[in-house]
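**Q** Have a look at this fold, sequence not included:
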């Protein structure tokens, strides 16, 4: 990934289950290798489980500041946003990674901050896509979700992140088969592809075959049994 | 084989229902089942003749289910624990009217409003009826997103075969976790539905769907008849999966997400030379009594792994006629047993690590 294109605010949004949180956590950790002051804010008001907070340990070990609702992973369903979110969005010393909840419902929370972000100008709004999700199986379905999100958050996407995956079961051919899909989404929307993400085990096999490939770790375990493994 | 997609358990339930020919869904939002309704809201209007309706309450939703079920059409509703309690009156009416329908319970911590984290503490409620009166629900407990799809087809099939409501007893983890799934269409059998309210067109006597009987003799007779049907179901429809039971000395019994954690613990214990296996009930009612009773003649001890305060353990003790000791390994209130919790219980049953 090109470090020259880094914006101060990087926002990850998309269909729920596309892998936004995992990509955002990976991006924040990568960013921290270059920038001193990195914060990741969890704006997810939709998902009850599998939150940014699950990755608290790896984030704090690496010095990434986590801003998350105190109700995340608790027993109540309170769609509260932490006040500190304004801090990272307004403090020009901080590189902010924003993890937005899925779909238009999740993007409503981003709409709360969009005016300030657009005014600041130094931002990237990334559309995370996954062709293996049943409601974004092709470009047209994906564009439908895209339009809904843009309407809800009052912002326009600036780049696409192709995170097409089947979780732990993802194979090289799955990622390869998603390239044409991502290109079609890009062509039809007129928005460039920033990168394709792939689990690190497949990186070497695919790095010469896919442009702007970024290796990522699966920090957000989607399966409880594996998450609780000893 | 169909291409694989990455789905949440809740989404898989909704998609499978549509594939199984369910064109009517009535629901009301509650965490952690909301994705079932959200998916239905997106997809049902795009299905020919499909109806998605968010009712004003759980009680309204289940009564709409009764209405559609009376016409012999496939119908589904879903909720989480407190919402299922609200639906329990309607569920009893479905049973009393001999109506097939599919009810999803994505369990969360209880009692009361409890919490939104996963739980299996509605076991008693699901398996001992789920409402007032003498009746049973068919209760299916998948342990993977793929099995969610299969159980939706199975649930509709059994419900129609025996004219009774079926429940898929899921939980927050099963509902929220994502796994690759192949969306294969299951078998759809045609059953006699001459009882359904489809309009007489003046050509036949009206059918009556009802659960009120003026004469107690008549009600008693019907209840006896229904229990004859239940007896046949208990004899023929129990489903379970055995894991490493051939030489097992310790038998773990676990369903749903707890069985996934238990399997990890069994694999670890096996590497240490401990002979432990698992019987995983796939149907909780009918409970796989025969398989457990036969296992009781071979193993030394049982362990019930459940996310509740010792509910399924009672069915295990009954099934094995208390022939062997049954230990309990449990967490509750939205907490999940870890592999280490189960492993420690295996050591206890084994009388130590060796």
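**A** Looks like it came in fine. It should be emphasised that the depicted structure is a prediction, and the values quoted were computed from it without experimental measurement. Numbers count the residues shown, from 1 in each chain, chains lettered A, B, ... in the order given.

**Q** gap between stretch B:233-246 and the chain center?
**A** Distance of stretch B:233-246 from its chain centroid, counting by Cα atoms, centre = their mean, to the nearest Å, is 15 Å.

**Q** Quote the end-to-end distance of that stretch.
**A** 27 Å (Cα to Cα, to the nearest Å).

**Q** Repeat that for stretch B:269-280.
**A** For stretch B:269-280, the end-to-end distance is 17 Å (Cα to Cα).

**Q** Going by neighbour count, list what's buried in that stretch.
**A** For stretch B:269-280, the neighbour count (16 or more other Cβ atoms under 10 Å in any protein chain shown) marks B:269, B:274-280 as buried. No exception for glycine: its C-beta is placed from N, CA and C like everyone else's.

**Q** tell me the contacts of the one residue in chain B that gets nearest to chain A?
**A** With Cβ to the nearest Cβ, the shortest gap between chain B and chain A falls at residue B:115, namely 2.7 Å. Applying Cβ atoms under 8 Å, 6 or more residues apart in numbering or on different chains, we find residue B:115 in contact with A:74-76, B:108-109, B:333-334.

**Q** please redo it, this time with the cut-off set to 6 Å
**A** Neighbouring residues of residue B:115 by Cβ atoms under 6 Å, 6 or more residues apart in numbering or on different chains: A:75, B:109, B:334.

**Q** Same question for residue B:31.
**A** Taking Cβ under 6 Å, 6+ apart as the test, what residue B:31 contacts is A:48, A:77, B:116.

**Q** I'd like those residues written out as CSV, with secondary structure added.
**A** Below are those laid out as CSV (DSSP: H, G, I helix; E, B strand; the rest coil):
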residue, secondary structure
A:48, coil
A:77, coil
B:116, coil
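
**Q** Can you tell me which of these is closest to residue A:169?
**A** When the contacts of residue B:31 are compared for distance to residue A:169 (Cβ to Cβ), residue A:48 wins out at 24.0 Å.

**Q** What about the closest one, how many residues nearby?
**A** 25 (other Cβ atoms under 10 Å in any protein chain shown).

**Q** repeat for residue A:106
**A** Residue A:106: 25 surrounding residues under other Cβ under 10 Å.

**Q** Check it and give its pLDDT.
**A** Looking at residue A:106, its pLDDT is 91.

**Q** Can I take it that it is in a helix?
**A** Yes - judged by three-state DSSP, residue A:106 forms part of a helix.

**Q** For the nearest residue to it once chain neighbours are set aside, which residues are in contact?
**A** Spatial nearest neighbour of residue A:106, excluding adjacent residues (Cβ to Cβ, 6 or more residues apart in numbering or on different chains): residue A:46 at 4.4 Å. Residue A:46 makes contacts with A:101-102, A:105-106, as judged by Cβ under 6 Å, 6+ apart.

**Q** Please tell me how far residue A:46 sits from residue B:265.
**A** 33 Å (Cβ to Cβ, to the nearest Å).

**Q** pLDDT weak spots in chain A?
**A** By pLDDT under 70, the weakly predicted segments of chain A are A:1-2, A:221-230.

**Q** Whatever residue of it ends up closest to chain B: what secondary structure?
**A** For chain A, the residue closest to chain B is residue A:75, as judged by Cβ to the nearest Cβ, at 2.7 Å. Following three-state DSSP, we place residue A:75 in the coil state.

**Q** Would you agree it is in contact with residue B:335?
**A** No - taking Cβ atoms under 6 Å as the definition, residue A:75 is not a contact partner of residue B:335, at 10.0 Å.

**Q** ok, residues contacting stretch B:200-220?
**A** By Cβ under 6 Å, 6+ apart, stretch B:200-220 touches B:70, B:93, B:96-97, B:195, B:197.

**Q** pLDDT, neighbour count and secondary structure added to those, as TSV?
**A** Shown next, in TSV, are those (pLDDT from 0 to 100; neighbours: other Cβ atoms under 10 Å in any protein chain shown; DSSP: H, G, I helix; E, B strand; the rest coil):
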residue	pLDDT	neighbour count	secondary structure
B:70	98	21	helix
B:93	98	23	helix
B:96	98	22	helix
B:97	98	19	coil
B:195	97	15	coil
B:197	98	14	coil
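
**Q** May I see the buried residues of the longest helix anywhere in chain A?
**A** Ranked by residue count, the top helix of chain A under DSSP state H comes out as helix A:172-189. Using 16+ other Cβ under 10 Å as the test for burial, helix A:172-189 gives A:174-176, A:178-179, A:181-182, A:184-186, A:189.

**Q** what's downstream of that helix, the next helix or strand?
**A** Per DSSP states H and E, the first helix or strand lying C-terminal to helix A:172-189 is strand A:193-199.

**Q** Quick one: work out the angle between that next one and helix A:172-189.
**A** Between strand A:193-199 and helix A:172-189, the angle comes out at 160 degrees (axes from the mean of the first three to the mean of the last three Cα atoms, to 10 degrees).

**Q** Each with direction, which strands does strand A:193-199 pair with?
**A** With DSSP bridges as the test, strand A:193-199 is paired with strand A:159-162 (parallel), strand A:213-216 (parallel).

**Q** Of these, flag the one that's most buried.
**A** Of all the strands paired with strand A:193-199, strand A:159-162 carries the top mean neighbour count, a mean of 24, counting by mean count of other Cβ atoms under 10 Å in any protein chain shown.

**Q** So what touches that strand?
**A** A:126-129, A:178, A:182, A:186, A:191-196.

**Q** neighbour-wise, which of the residues you listed leads?
**A** residue A:127 (30 neighbours).

**Q** I'd guess that residue is in a helix, am I close?
**A** No - with three-state DSSP as the criterion, residue A:127 is strand rather than part of a helix.

**Q** In space, what's closest to it - neighbours in sequence excluded?
**A** residue A:157 (4.2 Å).

**Q** residue contacts, the one you found?
**A** Counting by Cβ under 6 Å, 6+ apart, residue A:157 makes contact with A:125, A:127, A:191.

**Q** How about residue A:107?
**A** Residue A:107 neighbours (Cβ under 6 Å, 6+ apart): A:13, A:100, A:149, A:152-153.

**Q** and these, which are buried?
**A** The buried subset of the contacts of residue A:107 - by 16+ other Cβ under 10 Å - is A:13, A:100, A:149, A:152-153.

**Q** Keep only those of the residues you listed that are in strands.
**A** Per DSSP state E, strands hold the following members of the buried ones among the contacts of residue A:107: A:13, A:100.

**Q** just the buried ones among the contacts of residue A:107 that are near chain B?
**A** With Cβ under 6 Å from any Cβ of the partner chain as the criterion, the buried ones among the contacts of residue A:107 include none near chain B.

**Q** Between the buried ones among the contacts of residue A:107, which sits nearest residue B:81?
**A** residue A:100 (29.1 Å).

**Q** beta partners of that closest one?
**A** Beta-bridge partners of residue A:100, as defined by DSSP bridges: residue A:43.

**Q** that older thread, can you lay out the buried ones among the contacts of residue A:107 as TSV showing distance to residue B:188?
**A** Converted to TSV, the buried ones among the contacts of residue A:107 look like this (distance: Cβ to Cβ, whole Å):
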residue	distance to residue B:188
A:13	39
A:100	40
A:149	36
A:152	38
A:153	42
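
**Q** Strands along the stretch 251-354 of chain B, start to end?
**A** B:276-281, B:283-285, B:301-306, B:325-330 (DSSP state E, counting those that start in this stretch).

**Q** now those strands in CSV, with distance to residue B:122?
**A** Below are these laid out as CSV (distance: least, Cβ to Cβ, whole Å):
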stretch, distance to residue B:122
strand B:276-281, 15
strand B:283-285, 10
strand B:301-306, 11
strand B:325-330, 14
